[in-house]
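# Build the 3D model from these lines:
(chains A and B)
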Amino acid sequence: MTAAAVAAAPPQPRRGVGRRRFWGIAGSVAALILLAALSLAVGSNPIPLDEVWRLLWTPDGSVDASVVHDQRIPRTLLLVVVGSALGVSGALMQSLTRNPLADPGVLGINAGASLAVVGAVAVFGLTSIWFFLWFAFAGAAAGAIIVYVLGSTGRTSPTPVRLALAGVAISMAVSSLVQTVILSNQNAFNEFRFWAAGSAEGRGFPVLTAVAGFIVVGLVIALCLGPALNALALGEETGRALGVRVGLVRAGVMAAVALLAGAATAAIGPIMFVGLAVPYLARALCGSDQRWVLPATMIAAPAALLAADIVGRVIAHPAEVQVGILTAILGGPVFIALVRRRRIEAL
Amino acid sequence: MKRKRVLVLGPLSVRVRPRSLTVGIALLAAIVVLTVVAVMAGDYPLTIGQTLAALFSAGDDPLAQFFVQGQRLPRVVCAVLVGLALACSGAIFQPLAGNPLGSPDIIGFTVGAATGALVQITLFDGGPAATALGAVLGGFGTALVVYLLAWRSGLAGFRLVLVGIGVAAVLQGVNSLLVVRASLTAAQTAAQWLAGSFNTSTWSDVAITALALAVLVPAAVVLSRPLGAMTMGDEAAIGIGIRVEPTRLALVIVGVALVSVATAAAGPIAFVALAAPQLARRLTGAPGVGMIAAGLMGAMLVLASDLVAQRLFAPTQLPVGVVTGSLGGLYLIWVLTREWRRNA
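This next block holds a predicted model:
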């Protein structure tokens, strides 16, 4: 074994970490399956689980069957895919900026993507997702680059606090701009009003097929970057000495974040805190090894998003609360808990 | 030698910096001009002569008199008062948090005031007075929660700000939830109120707000001296005889009251509390807090934003909060790039 390989090995797990990892991932998988099943059953028209199971395999043309097949299945799949994208993009950003408060929602990347979408629709008047998806990527990429530049220039890189503060302030400003555009032309933006708050309602297979490919590519890039991110966590100099091509890894992370956050935002609007809370929990379970944190996040984040969406369908029955609102209510306390820790440790 | 003049009036004396005085007078002049323009402009345009006649009930145009006295003037005065209150509140919280971004709209107090008002509107069918009361209670409740959550053997500015961001996000969600769950009419009232606008300002709103500000603004001006000393650090402030914790508590109470009163009058209006004190400081170049210049700057910003909101896409009326948010956002990006370039 070469010296580089020895040093590049992840930090030795403490006793019990292996078992925690196993149960953490097993629990996440179980939660994801359970919540996906619930997501097919729960809604303004509740359908019992056994009935859902029967309709799943034998669609009989009834109203219930069409609800399950045409609405809840695409919605559930979309939430799973988007949840993975949000969680993993958060984990990547936290790792790259070494900032536990990084999240595509908190740092304004989702807001940037939504501004690009709304601006493009205002200028060109097309509302097809195949059209505005590209603007979402561009907006997310611009946001990611701004965050990265703010987070890495200067002799002393900004503290987690300053980065988060700047991101939140930019998010607020951008969402005001989005509101201005939406309010100034209400006809063109009727369907964007709910989207701007983050909603998975009524987004069928067309949206799913449009974003799924990009998200899968982003997830694969993220998984491939895991070992390199582990080495970079030891510091840029050390990482370079261990044979990591720093520039390439950073570019890869930014591309993955732009793909994931852009596609997620184009699909269901700007969502906050999923990318913050889930990687945090994943690190608590798996330690700091990105080769475990990234897959764990990939499984647990969709479960979290599904849970928020299901709560949103039940809480204001028969009306529906957008999933973006629920993630803010449920994720905010995690953010506060993180902030209250004695010292916001750098990753 | 830096030129400073001292105004002496019996036992009182005030030190006046000529540049601050110039800036103050210029801001006042801008407010007067904007007021005149705002009263003249609208779907029923008036000339200056007609406006003045209508103002003093001297004209023979009852319609003009109605628009000027009953509609446009209370709106303008309300905008000035709200801007004043927001800016003073920002000028209090930014030094307290030790960060120019630690203004009440970012750390959740504005959102909390909105939550209080929404609870009144959607759950109790409250009228305007109850809504205003709800806003004030909501502002104080939020401040208490943020203060307690951020307290950890002392109050670190950055923790206050971050806890505030988290609380603001949760309350923002709660606000949306309240609107979704409300009945249709209550939801409409709530949505109008939430957008933040002066469309419905009346003289009674103006009277209540003015009364509250008559107490709060002098208090803020008096407290701005110890606040300026506290920015040099608690030890230094204690050294020159300031009782730090009681002063801090008084400042928080006055600041929250200011932002709550403003929110009660016009709904949540973003970024004025953030931008006004900073802009004022840049213009006056003065050290310290600069409460009066900040207040005038805030009044001018809200007045100008309201004019833009009314006329930009006329007859569609934008909520003024959206305009201040967009303008404030541009300002913010400028501040951030400057600050980071300086550190680079």
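# quick one: the strands in the chain?
No chain specified, so I'll use chain A. With DSSP state E as the criterion, chain A has no strands.
# ah, no, chain B please
B:5-9, B:12-16.
# give the contact list for the most centrally placed residue in chain B.
For chain B, the residue nearest the mean C-alpha position is B:L86 (1.3 Å; Cα atoms, centre = their mean). By Cβ atoms under 8 Å, 6 or more residues apart in numbering or on different chains, B:L86 lies in contact with B:P104, B:L258, B:V259, B:A262, B:I269, B:V272, B:A273, B:A276, B:G298, B:V302. Every residue, glycine included, has its C-beta placed from N, CA and C.
# again, 10 Å this time
Listed by Cβ atoms under 10 Å, 6 or more residues apart in numbering or on different chains, the contact set of B:L86 reads B:103-105, B:110, B:258-259, B:261-263, B:266, B:269-277, B:294-295, B:298-299, B:301-302, B:324.
# Pull the number of nearby residues for A:G167.
By the criterion of other Cβ atoms under 10 Å in any protein chain shown, A:G167 has 28 neighbours.
# any idea how far chain B is from the residue nearest the centre of chain A?
Nearest residue to the geometric centre of chain A (Cα atoms, centre = their mean): A:L86, 0.7 Å. Per Cβ to the nearest Cβ, to the nearest Å, A:L86 is found 15 Å from chain B.
# nearest spatial neighbour of that residue, skipping sequence neighbours?
Once flanking residues are discounted, A:L86 sits nearest to A:V274: 4.3 Å by Cβ to Cβ, 6 or more residues apart in numbering or on different chains.
# residue contacts, residue 26?
Picking chain A for this. Per Cβ under 10 Å, 6+ apart, neighbours of A:A26: A:I299.
# not what I meant, chain B
Shown in contact with B:A26 (Cβ under 10 Å, 6+ apart): B:L283, B:L296, B:M300.
# Now flag whichever of those residues is closest to chain A.
Proximity of the contacts of B:A26 to chain A (Cβ to the nearest Cβ) peaks at B:M300, which lies at 19.4 Å.
# Verify the stated contact: B:Q65 with B:L55.
Yes. The criterion here is Cβ atoms under 10 Å, and B:Q65 meets it with B:L55 at 8.5 Å.
# list residues touching both of those two?
Common neighbours of B:Q65 and B:L55 are not found (criterion: Cβ under 10 Å, 6+ apart).
# rewinding a little: for the contacts of B:A26, point out the one with the lowest pLDDT.
Least confident by pLDDT among the contacts of B:A26: that is B:L283, with 83.
# Make CSV from the contacts of B:A26 and add distance to A:P100 to it.
Converted to CSV, the contacts of B:A26 look like this (distance: Cβ to Cβ, whole Å):
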residue, distance to A:P100
B:L283, 38
B:L296, 41
B:M300, 40
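# Could you save those residues as JSON lines and add columns showing distance to B:V163 and neighbour count?
JSON lines is the format used below for the contacts of B:A26 (distance: Cβ to Cβ, whole Å; neighbours: other Cβ atoms under 10 Å in any protein chain shown):
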{"residue": "B:L283", "distance to B:V163": "32", "neighbour count": "18"}
{"residue": "B:L296", "distance to B:V163": "31", "neighbour count": "24"}
{"residue": "B:M300", "distance to B:V163": "32", "neighbour count": "26"}
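# can you map out the helices along the stretch 1-150 of chain A?
Applying DSSP state H, counting those that start in this stretch to the stretch 1-150 of chain A gives helices spanning A:3-8, A:17-41, A:49-57, A:63-66, A:73-97, A:109-124, A:129-152.
# Tell me which of those sits most buried.
helix A:73-97 (a mean of 27; mean count of other Cβ atoms under 10 Å in any protein chain shown).
# Please tell me I have it right and B:S326 contacts B:P319.
No. Here B:S326 lies out of contact with B:P319, judged by Cβ under 10 Å, at a distance of 11.2 Å.
# Which of the helices of the stretch 1-150 of chain A has the lowest mean pLDDT?
helix A:3-8 (a mean of 45).
# Chain B: helices as residue ranges?
B:18-40, B:48-55, B:62-65, B:73-97, B:109-118, B:128-150, B:157-181, B:184-195, B:203-230, B:234-239, B:244-266, B:272-284, B:291-311, B:320-343 (DSSP state H).
# and A:A255, how far is that from A:P100?
In this view, A:A255 and A:P100 are 23 Å apart by Cβ to Cβ, to the nearest Å.
# out of those two, which sits in the more crowded spot?
For A:A255 versus A:P100, neighbours defined as other Cβ under 10 Å are more numerous around A:P100 (21 against 17).
# so that one sits right up against A:A337, yeah?
No. Here A:P100 lies out of contact with A:A337, judged by Cβ under 10 Å, at a distance of 11.2 Å.
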